[in-house]
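J.: Fold the following for me, if possible:
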Amino acid sequence: MQYLIHNSGDHLELSKKSDNRKIVSGVWWITWGKYKSEILDNNDNLIYTISRKFSFWKWKMSFIVKSPSGEIFLVEGKNKSHTIYQSVIKENIFEIKIHKKRKKSVFKNGVQIASIDESFVSVFGESKGHIITNSPENIIEIFTLFFCLNFGEKNDNSLQFNFGNIGKAELIDENWKP
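T.: Have a look, this model is predicted:
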């Protein structure tokens with residue numbers, strides 16, 4: 001199944017490729033110098049709040065994700081090059097790997113379930129991306145992992161080019177199909 005990600009400044013929105021109705025969205029802002037964010041469903045009900053934490057001494061980025069019911073899970077960087085992030089959500093291990101250019105892969109319990117490709121060009125603060133998955137039942141988890149890695153990046157009102165990761169990156173399985 002294919003999904004579209006629409007990025008407009010401090011707001012990300014997910015919809016099915018064949019249907020423009022919002023499935024889930026994410027928004028972020030800065031309060032007292034700290035980034036905060038929320039993931040909302042299609043009726044703007046809160047699904048998760050997310051805060052970002054950087055450990056200077058361990059040189060590690062992590063995200064604290066909380067649901068309104070009190071469930072908490074972490075999305076943590078797993079390597080020094082910041083190309084693998086992992087989370088345990090409802091007893092499943094989710095992992096997002098960052099590849100060269102603008103590509104990412106999402107794994108559930110070691111099996112790839114999604115491929116993400118972000119837009120190369122941002123025009124007037126607007127850009128688009130695509131998620132292809134064989135696990136539509138996990139689309140909120142996939143979007144949450146993607147959102148954690150992208151919140152705080154603000155597109156301004158100009159023409160921008162996103163070359164993606166040009167440094168060290170994880171190898172991609174070019175043959176993966178949903």
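
J.: Show me where the chain dips below the pLDDT cut-off.
T.: Within the chain, the stretches with pLDDT under 70 are 56-59, 119-126, 152-176, 178.

J.: Could you pull out the strands in it for me?
T.: For the chain, applying DSSP state E gives strands covering 2-8, 11-16, 22-31, 34-41, 46-55, 60-66, 72-77, 84-89, 92-98, 103-108, 111-118, 121-123, 126-133, 159-161.

J.: Report the central residue of this protein.
T.: residue 146 (0.9 Å; Cα atoms, centre = their mean).

J.: Could you report the neighbour count for the residue nearest to it when sequence neighbours are not counted?
T.: Closest residue to residue 146 apart from its sequence neighbours, by Cβ to Cβ, 6 or more residues apart in numbering: residue 116 at 5.8 Å. No exception for glycine: its C-beta is placed from N, CA and C like everyone else's. Residue 116: 24 surrounding residues under other Cβ atoms under 10 Å.

J.: My read is that residue 116 contacts residue 104, right?
T.: Yes: Residue 116 lies in contact with residue 104 (Cβ atoms under 8 Å); the separation is 4.2 Å.

J.: Need the overlap of contacts for these two.
T.: residue 146 (Cβ atoms under 8 Å, 6 or more residues apart in numbering).

J.: okay if I get the strands of the chain as JSON lines plus distance to residue 140?
T.: Output for the strands of the chain, formatted as JSON lines (distance: least, Cβ to Cβ, whole Å):
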{"stretch": "strand 2-8", "distance to residue 140": "11"}
{"stretch": "strand 11-16", "distance to residue 140": "9"}
{"stretch": "strand 22-31", "distance to residue 140": "6"}
{"stretch": "strand 34-41", "distance to residue 140": "7"}
{"stretch": "strand 46-55", "distance to residue 140": "7"}
{"stretch": "strand 60-66", "distance to residue 140": "11"}
{"stretch": "strand 72-77", "distance to residue 140": "13"}
{"stretch": "strand 84-89", "distance to residue 140": "10"}
{"stretch": "strand 92-98", "distance to residue 140": "11"}
{"stretch": "strand 103-108", "distance to residue 140": "12"}
{"stretch": "strand 111-118", "distance to residue 140": "12"}
{"stretch": "strand 121-123", "distance to residue 140": "25"}
{"stretch": "strand 126-133", "distance to residue 140": "11"}
{"stretch": "strand 159-161", "distance to residue 140": "28"}
